[in-house]
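Enquirer: only geometry, no sequence info:
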Ligand SMILES: [Zn+2]
């Protein structure tokens, strides 16, 4: 006899709730223009149209971006700062020009998901030029990472994106057990400041982070840095 399955409990229910968290976040930003943080669990950026992986079932950032388009935005940027390439998000929008996908991540030669995230993956058809990848080697300095971020933000600006969805993985933290970048706590404040300087309506959606005791500090630092710029808080 088959076991009964339920969509009201377990992983599937959590994935649905995570997707709804992303939608609530984008809806708030669309309605108010205010920045929003969606504490999505499970994360989403490895989920493609027809594939799950890396603890991801529904692509929360992609769903949020589509909601913004449906609400009238002409072009949305998804900036993925998680240590791992957002292969699912890339796949979903690879042949489209209404969502620009930019990702900074560990070199896929040595890093999950291993098969995507190379610089020559730039989109196809009308989507050509609307995917941009910055694979970076293990141990990359924060200064080098920030320089790549500035390039990505300049690209987003040139493409005239009207809203920024940040796939916020804090597994770029040096103490993260499965990653190899060098962010310290304080560097997340600088990240938030740079994202705010982009000057776009912004939705943060939680992706990865495995240094469990440090996730909260690192996420709050990003949001604090963002707020320092947008609200002039010192
Ligand atoms: Zn990750």
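Expert: It's in. A quick note: this is a predicted structure, and the numbers were derived from the prediction, not measured. Residues are numbered from 1 along each chain as shown.
Enquirer: closest to the centroid, which residue in the chain?
Expert: The centroid of the chain falls nearest to residue 167 when counting by C-alpha atoms, centre = their mean (1.2 Å).
Enquirer: beta partners for the residue nearest to that one when sequence neighbours are not counted?
Expert: Nearest residue to residue 167, sequence neighbours excluded (C-beta to C-beta, 6 or more residues apart in numbering): residue 80, at 3.9 Å. The C-beta positions use only the backbone N, C-alpha and C, and glycine is treated the same way. Counting by DSSP bridges, residue 80 forms beta bridges with residue 103, residue 167.
Enquirer: wait, doesn't residue 80 sit right on residue 100?
Expert: No - with contact defined as C-beta atoms under 8 Å, residue 80 and residue 100 do not form a contacting pair (11.2 Å).
Enquirer: and residue 230, how far from the ion?
Expert: Going from residue 230 to the ion by C-beta to the ion, to the nearest Å gives 26 Å.
Enquirer: in the protein, which spans are strands?
Expert: Secondary structure of the chain (DSSP state E): strands located at 36-38, 76-80, 99-106, 131-136, 163-168, 202-206.
Enquirer: for the residue nearest to residue 12 when sequence neighbours are not counted, give me the pLDDT.
Expert: Closest residue to residue 12 apart from its sequence neighbours, by C-beta to C-beta, 6+ apart: residue 57 at 7.4 Å. At residue 57, the model reports a pLDDT of 96.
Enquirer: tell me how many other residues crowd residue 57.
Expert: 20 (other C-beta atoms under 10 Å).
Enquirer: from the ion, how far off is it?
Expert: 15 Å.
Enquirer: and what of residue 202?
Expert: 20 Å.
Enquirer: that residue bridge partners, please.
Expert: Judged by DSSP bridges, the bridge partners of residue 202 are residue 164.
Enquirer: quick one, phi psi at residue 47?
Expert: For residue 47, the backbone dihedrals are phi -90, psi 120 (criterion: degrees, to the nearest 10).
Enquirer: tell me, how many residues neighbour the residue lying closest to residue 200 once chain neighbours are set aside?
Expert: Once flanking residues are discounted, residue 200 sits nearest to residue 164: 4.2 Å by C-beta to C-beta, 6+ apart. By the criterion of other C-beta under 10 Å, residue 164 has 25 neighbours.
Enquirer: so who does residue 164 touch?
Expert: Residues near residue 164 by C-beta atoms under 8 Å, 6 or more residues apart in numbering: 76, 77, 79, 156, 195, 198, 200, 201, 202, 203.
Enquirer: adding distance to residue 86, write those residues out as TSV.
Expert: TSV is the format used below for the contacts of residue 164 (distance: C-beta to C-beta, whole Å):
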residue	distance to residue 86
76	14
77	13
79	10
156	15
195	16
198	18
200	18
201	20
202	17
203	15
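Enquirer: check those residues and tell me the two furthest apart.
Expert: For the contacts of residue 164, the farthest-apart pair by C-beta to C-beta is 76 and 195; their separation is 14.9 Å.
Enquirer: contact residues of this protein facing the ion?
Expert: Remark: the part of the chain in contact with the ion comprises 82, 83, 84, 169, 171, 208, using C-beta under 5 Å from the ion.
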